[in-house]
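Please find the sequence and the predicted model below.
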Amino acid sequence: MQTIDLTPVYRTMVGFDRVASMIDAASRLDGSQGYPPYNIEKTGDNDFRIELAVAGFGEEDLDIETKEGVLTVTGKTGATEDGEKREFLHRGIAERSFIRRFQLADHVVVNGAELRNGLLRIELQRQLPEAMKPRKIAIGGHSKVEQPKVIEGNKNVA
């Protein structure tokens, strides 16, 4: 059994660390033994990318779904295109169905997905509500206190 040290992920991905711990826990319980292999990459301050190596799968074989903070990627294999039975001398490319789940951090949404050269790239973005974004607070000194401005109106009010 492999043990993966996710300490560097915890240090660099604030708000996404819960995902890493859940992925680690799920990989120990999941019988798929890490298939398909994947990367989680931080591409910006609030942008992330998940890459899955899905060689042999086409767009019609893959399904991506988010529900209640869980991103689920499903790959289904079908019969060979020409319907004939294939005989392998060595089979190194796994062509089996899979389900891979990722627990998304709060306020992380999926922006899109792309399949190119056997890699499925899923773009994620953390969208914090305005109330949760950091604000710069000015430090006030001993400046003059401004008097409230009085607006004079028409004295003849009907």
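Now that the structure is in, tell me what you want to look at.

so where do the strands sit in this structure?
38-42, 47-53, 62-67, 70-75, 98-103, 108-116, 119-126 (DSSP state E).

Nearest approach to His90 belongs to which of those?
Smallest distance to His90 across the strands of the chain (C-beta to C-beta): 18.9 Å, for strand 47-53. Heads up, the C-betas are built off the backbone N, CA and C, glycines and all.

how long is stretch 52-61 end to end?
14 Å (C-alpha to C-alpha, to the nearest Å).

quick one: contacts of that stretch?
With contact meaning C-beta atoms under 8 Å, 6 or more residues apart in numbering, stretch 52-61 is reached by 36-38, 62, 73, 75-78, 93, 95, 100, 115, 118-120, 122.

Same question for it: list its buried residues.
The neighbour-count criterion (16 or more other C-beta atoms under 10 Å) identifies 52, 54, 57, 61 as the buried residues of stretch 52-61.

Equivalent analysis for stretch 90-107, please.
Residues 98, 100, 102-105 are the ones in stretch 90-107 that count as buried (16+ other C-beta under 10 Å).

do stretch 105-117 as well
For stretch 105-117, by 16+ other C-beta under 10 Å, it's 105, 108, 110, 113.

picking up where we left off before, turn the buried residues of stretch 90-107 into CSV, including distance to Gly140 and pLDDT.
Formatted as CSV, the buried residues of stretch 90-107 follow (distance: C-beta to C-beta, whole Å; pLDDT from 0 to 100):
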residue, distance to Gly140, pLDDT
Phe98, 58, 92
Arg100, 52, 93
Phe102, 45, 93
Gln103, 43, 91
Leu104, 40, 90
Ala105, 36, 87
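
Please identify which pair of the residues you listed lies farthest apart.
Phe98 and Ala105 (23.0 Å).
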